[in-house]
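# model this:
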Amino acid sequence: MHELPFVIKLLGEAEETARRENLARISRLRLRIGELSGIEPECVKLYFETASEGTAAEGALLDFCVEPAKLRCEACGTEYDFLPGHTVGSGRDPFSCPACGGSGTLIKGTGTEASLESLEGE
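You can find the predicted model right below:
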């Protein structure tokens, strides 16, 4: 459900950039999606296909760059990527520091972004 407002905002930004850069058509958009953003790339693609009809971005390809959340160890200060697929049952707690085994906390703002990184067009 978060995807539709994101796609509408994305299209607005893309069309504004296209106007500013005198592009008649947008052929590719590169999106930065944080793994904790709640944005699902497949849903973005579906909404984008419909929402972009009749715009300069109709038919544009979407490239996704998924940004990991970052943790900082409370014991040693090491920064590392949050690995949500790793759980205590798999041998690694996703919050456990790979350097010392200490407990990590989320670095505020990491892995939560969803934005247009760049676009291509003609």
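
# Please make it C-alpha for all contacts and neighbour counts, starting now.
Fine.

# For the spatially most central residue of the chain, give me its contacts.
What sits nearest the mean C-alpha location of the chain, by Cα atoms, centre = their mean, is residue 33, with 0.2 Å. The contact partners of residue 33, taken as Cα atoms under 8 Å, 6 or more residues apart in numbering, are 39, 64-67, 111-115.

# and it, that one's in a helix?
No - secondary structure assignment (DSSP: H, G, I helix; E, B strand; the rest coil) places residue 33 in strand, not in a helix.

# Is it bridged to anything, and to what?
As for beta bridges, residue 33 partners with residue 66, residue 114 under DSSP bridges.

# can you map out the strands along this structure?
Assigned by DSSP state E, the strands in the chain fall at 26-34, 61-67, 70-73, 79-81, 104-106, 114-121.

# ok, residues contacting the last one?
Applying Cα under 8 Å, 6+ apart, the external contacts of strand 114-121 come out as 6, 10, 13-14, 18, 23-34, 37, 39.

# Outline the domain layout of this structure.
Taking automatic domain parsing as the reference, the chain has its domains at 3-68+111-121, 70-106.

# May I ask you to name the longest helix in the protein?
helix 3-20 (DSSP state H).

# quick one: buried residues of it?
By 16 or more other Cα atoms under 10 Å, the buried positions in helix 3-20 come out as 3-4, 6-7, 10-11, 14-15, 18.

# Quick check: the farthest pair among those?
Farthest-apart pair in the buried residues of helix 3-20 is 3 and 18; separation 21.9 Å (Cα to Cα).

# what residue ranges in this structure score low on pLDDT?
The chain contains residues with pLDDT under 70 at 1, 84-92.
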